[in-house]
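**Q** Below is the structure, and that's it, no one-letter string:
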DNA sequence: CGTGTGTTTGATAGTATTCAATTAATGTGG
DNA sequence: CCACATTAATTGAATACTATCAAACACACG
């Protein structure tokens, strides 16, 4: 079988030093000399197609990954075999840390779009980090960010009202988009309603109704996966448990 | 100001090598020579009283902590100032990683019981870990365990039915107790119903009713905070989404 | 023995889920 | 390029569940 997406060697070879994600990624705040050492261990995987998996449940931990282009979801598999979304990953964000404990991945990473990742073999990373205090520190920082995102997720899920979870989800996504230099007021959702529902612990219909409600209330404008935030302040207020406006919807 | 709970120097001085938690904690699987180096940086804090805080929201990250005796909860503070429980921590489990990203703690750690912790200054730990590959690896492992617990928490919260969350909570707690050598079939909850409710994203009454229901169904026997698991298999089945037994069929 | 906190129980209202059906978007082969 | 087939998303109505309010109860502590 011929590979329909041949590797672009030129782009794969570009070093961390020239990466647009440099500020967000492992290389943040480390010196030029250290950068060269890091470059030696960072590999780039060939592009992934939509729905392609970066690693599978049960795979032995070999590398951690940094999303480079495109978005990912990580899913855990239940007994029954159905998937539950436990995280979304934008460019610059880490994947694969779940295997640090047991040496095996507890979840699977799936590309939501055509995507690229940087792969960092853990053994190499550990060896280099031991020599470079700056990299060690930065590694801890990005791990911390991953932990912080997990806690944000838990905070969403702990909200009792579906609309709060949805507002928090959209708000949080906006913040992460800002962080990678994209607009937080106008964006395209890389994930399906089903993915969102799974991530938020809601039924898919509830997510759909939540979006509709936010649109009726003029907080967002949504068309399929395209989202525009019309009233960021209100979105934030709703995310933090503020009451939605009373029934005075206008007709079309 | 006289300290009402004087430090027991003898017990504080006991080294990691003699600690009963050795298998669970940072020292797991590292050699005797390395152990001595680790001992130099690990400090023990004076015992904490119930409700005493190990660190506060906004505190600068100085150390990470390992629960030694007693249980802890970590809580995040909402805008309104009310607390939300984001984790429970048993002996051998890490606390404080939330601050790795931003350098400030995003939550507070509260002792649920009279408790002791080991304190590991992050700077020292990083320095020693850089020299000791075994410690570095073990550090990654315990960080991974912490991440895995966060994901387990999210999985609980993502369950739609209150009883599933509760069953999963009790089952997970049992597993963690087994891990530290305690019975998973008979134990005392260190946390209040309110804490559990907050942790599970439920109303306190719903938690109480869930416990009652499990007792009525002969899955557990509960008296206040004392819990006995009568039917572990059924508890696991319920935790994984199994249907609770029907009220009473038309015919036996 | 009261008092306060924590827990349980009951009744009701509100919200999310489920089932069902429709509409919109996407992909495929002719 | 269009018609068709599939999948994704929305909408509606009825049911089931949880939150809320209210009150009783249990327990520890002074």
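**A** Arrived safely, thanks for sending. As the structure is a computational prediction, the values presented were derived from the model and not from experiment.
**Q** Could you give me the buried positions within the biggest helix by length in chain A?
**A** Across chain A, the longest stretch assigned as helix under DSSP state H is helix A:133-158. Neighbour counts over helix A:133-158 (16 or more other C-beta atoms under 10 Å in any protein chain shown) mark A:134-158 as buried. Just so you know, the C-beta spots here come from the backbone N, C-alpha and C atoms, and that holds for glycine as well.
**Q** what about the stretch 51-200 of chain A, any weak spots by pLDDT?
**A** Nowhere does the stretch 51-200 of chain A drop to pLDDT under 70.
**Q** Compute the first-to-last residue distance for stretch A:100-107.
**A** Length of stretch A:100-107, first residue to last, C-alpha to C-alpha, to the nearest Å: 12 Å.
**Q** Setting the sequence-adjacent residues aside, check what's closest to the residue nearest to the spatial centre of chain A.
**A** Nearest residue to the geometric centre of chain A (C-alpha atoms, centre = their mean): residue A:89, 1.4 Å. Counting by C-beta to C-beta, 6 or more residues apart in numbering or on different chains, residue A:89 lies nearest to residue A:72, which is 4.2 Å off, once chain neighbours are set aside.
**Q** Show the contacting residues for the residue nearest to the centre of chain A.
**A** A:67, A:71-74, A:95, A:109 (C-beta atoms under 8 Å, 6 or more residues apart in numbering or on different chains).
**Q** Also residue A:143?
**A** A:94, A:97, B:97, B:100, B:143.
**Q** For residue A:76, which three-state class applies?
**A** strand (DSSP: H, G, I helix; E, B strand; the rest coil).
**Q** that older thread, nearest to chain B, out of the contacts of residue A:89: which one, please.
**A** residue A:74 (9.1 Å; C-beta to the nearest C-beta).
**Q** Check whether the closest one really touches residue A:108, as I assumed.
**A** Yes - Residue A:74 lies in contact with residue A:108 (C-beta atoms under 8 Å); the separation is 6.7 Å.
**Q** The two - which one has more neighbours?
**A** Using other C-beta atoms under 10 Å in any protein chain shown as the criterion, residue A:74 and residue A:108 rank with residue A:74 on top: 25 against 21.
**Q** Tell me the spacing between that one and residue A:37.
**A** 29 Å (C-beta to C-beta, to the nearest Å).
**Q** what do you get for residue A:162?
**A** For residue A:162 relative to residue A:37 (C-beta to C-beta), the value is 48 Å.
**Q** quick one on the thing from earlier: got the contact list for the residue nearest to residue A:89?
**A** Counting by C-beta under 8 Å, 6+ apart, residue A:72 has contacts A:54, A:88-89, A:95, A:109-112, A:115, A:117.
**Q** Among those, which pair sits farthest apart?
**A** A:88 and A:117 (14.3 Å; C-beta to C-beta).
**Q** So if I had to pick from these two, which one is more boxed in?
**A** residue A:117 (27 against 24).
**Q** Residue numbers of the stretch 151-252 of chain A in contact with chain B?
**A** A:151, A:153-155, A:157-160, A:198-203, A:240-241 (C-beta under 8 Å from any C-beta of the partner chain).
**Q** which one among these gets closest to residue A:45?
**A** Closest to residue A:45, out of all of those and judged by C-beta to C-beta, is residue A:199, at 24.5 Å.
**Q** Run a quick neighbour tally on residue A:181.
**A** Counted with other C-beta under 10 Å, residue A:181 comes out at 12.
**Q** other SSEs contacting the helix or strand where residue A:238 lies?
**A** Following DSSP states H and E, one finds residue A:238 within helix A:232-239. Helices and strands touching helix A:232-239, by 3 or more C-beta pairs under 8 Å, 6 or more residues apart in numbering or on different chains; DSSP states H and E, are helix A:162-179.
**Q** And residue A:116, how far from residue A:174?
**A** 23 Å.
**Q** meant to ask about residue A:20, not that
**A** 20 Å.
**Q** likewise residue A:35?
**A** 31 Å.
**Q** for residue A:118, same thing?
**A** 25 Å.
**Q** swap in residue A:189?
**A** Applying C-beta to C-beta to residue A:189 and residue A:174 gives a distance of 11 Å.
**Q** what's the answer for residue A:198, then?
**A** 20 Å.
**Q** of the contacts of residue A:72, closest to DNA strand D?
**A** residue A:112 (11.0 Å; C-beta to the nearest atom of the strand).
**Q** Please name the residues that touch that closest one.
**A** Per C-beta under 8 Å, 6+ apart, neighbours of residue A:112: A:50, A:70-73, A:88, A:190-191, A:195.
**Q** again with residue A:110
**A** Contacts of residue A:110 (C-beta under 8 Å, 6+ apart): A:51-54, A:72-75.
**Q** which of those residues count as buried?
**A** A:54, A:72-75.
**Q** DNA strand C: which of those is nearest?
**A** Using C-beta to the nearest atom of the strand, those come closest to DNA strand C at residue A:73, 17.1 Å.
**Q** Give the bridge partners for the closest one, please.
**A** Applying DSSP bridges to residue A:73 gives these bridge partners: residue A:88, residue A:110.
**Q** just checking, it touches residue A:84?
**A** No - using C-beta under 8 Å, residue A:73 is not in contact with residue A:84; the gap is 10.3 Å.
**Q** I'd guessed residue A:174 sits against residue A:185; true?
**A** Yes - shown here, residue A:174 and residue A:185 form a contact pair, counting by C-beta under 8 Å, at 7.2 Å.
**Q** Name the residues contacting each of the two.
**A** With C-beta under 8 Å, 6+ apart as the test, residue A:174 and residue A:185 both reach A:229, A:232.
**Q** Out of those two, name the residue with the larger neighbour count.
**A** residue A:174 (21 against 15).
**Q** check contacts around that one.
**A** Contacts of residue A:174 (C-beta under 8 Å, 6+ apart): A:184-185, A:187, A:229, A:232, A:235.
**Q** any chance of those in JSON lines, with distance to residue B:41 too?
**A** Formatted as JSON lines, those follow (distance: C-beta to C-beta, whole Å):
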{"residue": "A:184", "distance to residue B:41": "42"}
{"residue": "A:185", "distance to residue B:41": "47"}
{"residue": "A:187", "distance to residue B:41": "45"}
{"residue": "A:229", "distance to residue B:41": "47"}
{"residue": "A:232", "distance to residue B:41": "45"}
{"residue": "A:235", "distance to residue B:41": "45"}
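**Q** Filter the contacts of residue A:110 to keep only those in contact with DNA strand C.
**A** With the criterion set as C-beta under 7 Å from any atom of the strand, no member of these is near DNA strand C.
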